[in-house]
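1. just the structure for this:
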Amino acid sequence: MSRIGNKVIEVPEKVEITQNGNVVTVKGPKGELSREISEDIKMNIDGEEVTFTRPNDTNMMKSLHGTTRTNVWNMIVGVTEGYKKELELIGVGYRAQASGKSIDLNVGLSHPVHFDAPEGIEIETPENNKIIVSGISKEEVGQLAATIRDIRPPEPYKGKGIRYVGEYVIRKEGKTGK
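-> Numbers count the residues shown, from 1 in each chain. Sure thing, here's the model as predicted:
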């Protein structure tokens, strides 16, 4: 059984964490994040340590306990280090071009795909076949990277498409002739 919710969070010096009712706010060198947590889970801030307690041991409370602790930890890591997802485009003529807060993708469709990043998320293209999505919110960075990947997911025969760097694509064998 996981006991992640019982672990104490050590708050770094550069980070300030506050709680106002059910809303937790974390401020750090890279920015500020706020998140609403469940009213059943109690959060205690003691100087440089944050602990979480649950009212009872039902399965729902156990899972909520660990999830709440992990969400607050992800906020702390986000405002200190940030998060980054890298994608690569595999295919002839597949390319990406970032301009400010938007990206244009040519991935074998009949039209180029224009995509705008939400507030707080940056998109870079160091090469025309690589995309880097970065920001302070792990949830938003991962969701944007998944949405970009869904435009043209890797296909199993030739492996063409948009994939995460290091992602393994299961390949299929083509038809064998008679």
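
2. from the middle of its chain, how far away would stretch 25-42 be?
-> Its chain's average C-alpha position is 16 Å from that of stretch 25-42, according to Cα atoms, centre = their mean, to the nearest Å.

3. any idea which residue is closest to the centre of the chain?
-> Nearest residue to the geometric centre of the chain (Cα atoms, centre = their mean): Gly142, 2.8 Å.

4. I'd guess it is in a strand, am I close?
-> No - counting by DSSP: H, G, I helix; E, B strand; the rest coil, Gly142 is not found in a strand; it is helix.

5. ok, it touching Gly78?
-> No - the pair Gly142 / Gly78 is not scored as a contact, 11.4 Å apart, by Cβ atoms under 8 Å. For the C-beta atoms, the positions are set from N, CA and C on the backbone; glycine is no exception.

6. tally of neighbours for the closest residue to Val165 other than its chain neighbours?
-> In space, and not counting its chain neighbours, Val165 is closest to Glu86: 4.1 Å by Cβ to Cβ, 6 or more residues apart in numbering. By the criterion of other Cβ atoms under 10 Å, Glu86 has 15 neighbours.

7. any idea whether the residue lying closest to Asp40 once chain neighbours are set aside is helix, strand or coil?
-> Closest residue to Asp40 apart from its sequence neighbours, by Cβ to Cβ, 6+ apart: Pro55 at 5.7 Å. At Pro55 the chain is in coil, as set by three-state DSSP.

8. contact partners for Pro55?
-> If you count contacts by Cβ atoms under 8 Å, 6 or more residues apart in numbering, Pro55 has them with Asp40, Lys42, Met61.

9. could you do Tyr94 as well?
-> Leu105, Asn106, Val107, Gly108, Asn129, Arg152, Lys160, Ile162.

10. show the backbone phi and psi for it.
-> phi -80, psi 120 (degrees, to the nearest 10).

11. quick check: it vs Pro118, distance?
-> 24 Å (Cβ to Cβ, to the nearest Å).

12. quick revisit: which of the contacts of Pro55 fall within helices?
-> Counting by DSSP state H, the part of the contacts of Pro55 found in helices is Met61.
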